[in-house]
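> pasting the sequence and the predicted model now:
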Amino acid sequence: MIPTCDTGAFMGAIDRFVEMKVLVIGDVILDEYIWGTVRRISPEAPVPVVNVTREEQLLGGAANVIHNIITAGGQAVLTGVIGQDRMGRAIVRMLGKLGSDPSGLVVDKGRPTTKKTRIVAHAQQVVRFDREQAADLDERLQEKMLDFVRSGLDGLDAVIISDYGKGVVSPSFMAGLRTILDGKDKLVAVDPQVGHYPLYRGMTLITPNHFQAEAGAGIRIDSEERLIEAGRKLMRELKLRFVVVTRGEEGMTLFEKRKPPVTIPPEAREVFDVSGAGDTVIAILTLGLAAGLSLTEAAVLSNYAAGIVCGKLGTASVTAEELKAAVESGAARAGVRRRILR
């Protein structure tokens with residue numbers, strides 16, 4: 001059963017999102033969707049022939065975290081890297097339409113803007129192909145990003161690091177960021193990348209999925225006991241305040257210092273597409289914590305949000321109105337369960 005939470009606390013926090021300002025640091029991705037139908041197999045090879053009906057470009061990666069924060073009512077700015085190409089220009093335009101200042105983006109003339117193209121037919125992904133260069137940024141570009149962080153940090157309520165392993169998060173960049181954050185007492189949430197765990201030491205929280213938690217802790221998670229061991233190990237060795245392990249159809253498990261782990265079951269919704277669900281979780285979780293919710297309350301709210309976006313096709317976001325409706329619906333279901341138990 002979902003932990004009991006005060007509906008009024010949720011509603012008040014969502015209303016306060018408009019006052020929250022978050023800096024997102026990370027790998028900027030352009031998500032491209034090509035939608036179509038399949039009627040036959042190609043005579044040239046045993047592959048489906050997709051008849052294209054529409055194409056769509058959406059903000060992905062760290063830019064999708066920004067999208068989720070803003071559509072939920074918060075304020076957000078982004079720093080990351082794009083190429084000197086039409087994909088990078090498309091990202092700048094989309095951020096502008098959201099009302100997010102794109103001046104924190106740095107341009108690397110030597111690499112393309114990261115793009116993931118998905119071919120989708122009859123609500124099923126047929127294939128995905130990626131265009132990317134994942135080498136670490138050179139020091140000049142890193143310093144431009146750090147200058148952007150340094151100049152705006154005092155006005156921020158939280159920082160999110162969205163690490164997709166595309167070159168932004170590196171040992172030298174994180175060393176510079178750690179120096180800037182030192183003594184600032186900022187909420188810093190990390191959507192982690194396998195292989196980068198030592199770089200997150202001392203941050204506030206990380207949100208690994210099941211497999212990332214396994215890899216980060218070096219523990220095969222094949223039982224609840226092993227999950228608890230892995231979560232506590234990550235929190236202890238990385239000196240974190242919180243760990244939130246997202247577990248797909250098994251929900252999410254929360255780890256907090258000096259408190260027992262809490263597991264939140266998933267929202268019971270038909271899943272169409274999980275693309276970007278992790279971006280939604282860290283966006284709403286961070287907004288909730290910044291707005292004064294406890295870890296459990298913020299995680300329940302992010303769980304509602306993940307249920308909403310998984311019911312949509314394509315990289316999606318959630319609005320404040322959708323979140324409030326989900327909270328009210330969840331409260332009604334909880335009331336029914338309590339009456340049945342009586």
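Ah, there it is.

> distance check, E32 against Q57.
5 Å (Cβ to Cβ, to the nearest Å). Placement of C-beta: from N, CA and C, glycine included.

> which one's more surrounded, these two?
Per other Cβ atoms under 10 Å, whichever of E32 and Q57 has more neighbours is E32, with 21 against 17.

> for that one, which non-adjacent residue is spatially closest?
Leaving aside its sequence neighbours, E32 sits nearest to T117 (Cβ to Cβ, 6 or more residues apart in numbering; 4.3 Å).

> my read: D157 touches G292, true?
No. Using Cβ atoms under 8 Å, D157 is not in contact with G292; the gap is 10.4 Å.

> so these two - more neighbours on which side?
D157 (19 against 13).

> so what pLDDT did the more buried one get?
Per-residue confidence (pLDDT) for D157: 97.

> look up phi and psi at the residue lying closest to it once chain neighbours are set aside.
Distance criterion Cβ to Cβ, 6+ apart; nearest residue to D157, sequence neighbours excluded, is A290 at 4.3 Å. Phi and psi for A290, reported as degrees, to the nearest 10, are phi -60, psi -30.

> the one helix or strand T37 maps to pairs with which strands?
Assigned by DSSP states H and E, T37 falls within strand 28-41. If you go by DSSP bridges, strand 28-41 pairs up with strand 48-61 (antiparallel), strand 114-121 (parallel).

> tabulate those strands (CSV), appending distance to L105 and mean pLDDT.
What follows is those, written out as CSV (distance: least, Cβ to Cβ, whole Å; pLDDT from 0 to 100):
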stretch, distance to L105, mean pLDDT
strand 48-61, 12, 94
strand 114-121, 12, 95
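
> from those strands, which stretch is densest packed?
strand 114-121 (a mean of 20; mean count of other Cβ atoms under 10 Å).

> buried ones in the strand holding T37?
Buried residues in strand 28-41, counted by 16 or more other Cβ atoms under 10 Å: V28, I29, L30, D31, E32, Y33, I34, W35, G36.

> with stretch 11-31 instead?
Neighbour-count burial for stretch 11-31 flags 13-14, 16-17, 20-31 (criterion: 16+ other Cβ under 10 Å).

> please apply the same query to stretch 318-333.
For stretch 318-333, by 16+ other Cβ under 10 Å, it's V318, A320, E322, L323, K324, A326, V327, G330.

> which residue ranges form the helices in the stretch 151-300 of the chain?
For the stretch 151-300 of the chain, applying DSSP state H, counting those that start in this stretch gives helices covering 171-181, 210-217, 224-237, 277-290, 295-310.

> quick one, phi psi at I25?
phi -120, psi 130.

> go on, A45?
Backbone torsions of A45, given as degrees, to the nearest 10, read phi -170, psi 160.

> how much space between R236 and D185?
21 Å.

> do the same with K144
Distance of K144 to D185, given as Cβ to Cβ: 25 Å.

> what about the two, which has more around it?
With neighbours defined as other Cβ under 10 Å, K144 and D185 compare such that K144 has more, 16 against 6.

> report pLDDT for the residue of the chain positioned farthest from its centre.
The C-alpha centroid of the chain is most remote from P43, which lies 40.9 Å away (Cα atoms, centre = their mean). pLDDT recorded at P43 is 94.

> the one 3 residues further on too?
The predicted structure scores P46 at 93 on the pLDDT scale.

> burial count for it?
By other Cβ under 10 Å, 7 other residues sit near P46.

> could you look up the SS state of it?
Recorded secondary structure, P46: coil (DSSP: H, G, I helix; E, B strand; the rest coil).

> before we move on, what about V127?
V127 - assigned by three-state DSSP - is strand.

> so how far is A135 from it?
Applying Cβ to Cβ to V127 and A135 gives a distance of 25 Å.

> so how many other residues sit close to the residue lying closest to I282 once chain neighbours are set aside?
Leaving aside its chain neighbours, I282 sits nearest to D191 (4.7 Å; criterion: Cβ to Cβ, 6+ apart). Look at D191: counted by other Cβ under 10 Å, it has 28 neighbours.

> D191 pairs with what?
Bridge pairing for D191 (DSSP bridges) gives the partners S162.

> would you confirm that it contacts G278?
Yes. When contacts are counted by Cβ under 8 Å, D191 is listed as touching G278 (5.8 Å).

> which of the buried residues of strand 28-41 sits closest to R150?
V28 (19.7 Å; Cβ to Cβ).

> ok, the residue nearest to I282 - contacts?
The contact partners of D191, taken as Cβ atoms under 8 Å, 6 or more residues apart in numbering, are G26, V65, I160, I161, S162, D163, I206, T207, G278, D279, I282.

> still on that earlier bit, isn't the residue nearest to E32 up against F129?
Yes. T117 lies in contact with F129 (Cβ under 8 Å); the separation is 5.3 Å.

> picking up where we left off before, confidence score at the residue nearest to I282?
D191 is given a pLDDT of 97.

> figure out the helix or strand that the closest residue to V18 other than its chain neighbours lives in.
Take V18 and drop its neighbours on the chain: the residue closest to it by Cβ to Cβ, 6+ apart is G73, 4.9 Å away. Assigned by DSSP H and E, G73 falls within no helix or strand.

> so what's the residue count around G73?
G73: 19 neighbours (other Cβ under 10 Å).

> least confident secondary structure element in the chain?
Here the helix or strand of the chain ranked lowest by mean pLDDT, DSSP states H and E is helix 320-341, holding a mean of 66.
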